[in-house]
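> based on what follows, work out the 3D shape:
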Amino acid sequence: MDWSIIIALLVAGILLLLAEVLVLPGATVAGILGFVLIFLSIYFTYSTRSATEGHIVVAASVVLSGLTLVLALRARTWKRFMLDRTIDSKVNVVDDAHVRIGDSGRSVSRLAPAGKGLINGHLYEVHTLGEFLDENRDFEVVRIEGYKIIVKPKITE
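Numbering: from 1, shown residues only. A predicted model of the protein is given here:
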């Protein structure tokens, strides 16, 4: 058997094991297939080549598998894939001096059923009673529940 096939089986097996550990936990199909491919590369080396070359492939598979796993589980490797942003948003702080029941406002974004609204010059997250309200539409504050401002569309005649 050609060395390129043996090496391809070995590399494919290690990549499938890596995928099983990092990407597809619990799927086991990739892990079993990875072990089978590594076993086949070792088997074909022993059956078509010498025992010494078989021992070399076994040692290479163990070293490459361990090295791949160690490199994949290092902390710096995962920093490339991690979300590295901080959340700078804040909770609606409803000040009684700025927002009262009955106040009028205008939707800044589509309220479906929640979105942004401008009330008395201040931007808030507002919720409708279930209706959808397009942006740049007038609404009226119906009630305030803690940090949640409930609005309804203003009927213009």
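> past the lowest-mean-pLDDT helix or strand in the chain, which element shows up next along the chain?
Across the helices and strands of the chain, mean pLDDT, DSSP states H and E gives its lowest value to helix 75-79, namely a mean of 68. Once the chain leaves helix 75-79, the next helix or strand it forms, by DSSP states H and E, is strand 104-107.
> distance between the helix ranked longest in the chain and the chain's centre?
Longest helix in the chain, counting residues (DSSP state H): helix 51-73. Offset of helix 51-73 from its chain centre (C-alpha atoms, centre = their mean, to the nearest Å): 31 Å.
> just checking, what packs against that helix?
Based on contacts counted as 3 or more C-beta pairs under 8 Å, 6 or more residues apart in numbering; DSSP states H and E, the elements that helix 51-73 packs against are helix 3-22, helix 29-48. (Each C-beta comes from the backbone N, C-alpha and C, glycine too.)
> out of the ones you listed, nearest to residue 65?
Set against residue 65 and scored by C-beta to C-beta, those come closest in helix 3-22, at 5.5 Å.
> what's the closest one packed up against?
Judged by 3+ C-beta pairs under 8 Å, 6+ apart, the packing partners of helix 3-22 are helix 29-48, helix 51-73.
> so which of those comes closest to residue 4?
Proximity to residue 4 (C-beta to C-beta) singles out helix 29-48 among the helices and strands packed on helix 3-22, at 11.3 Å.
> the closest one: which residues count as buried?
Residues 30, 31, 33, 34, 37, 38, 40, 41, 42, 43, 44, 45 are the ones in helix 29-48 that count as buried (16 or more other C-beta atoms under 10 Å).
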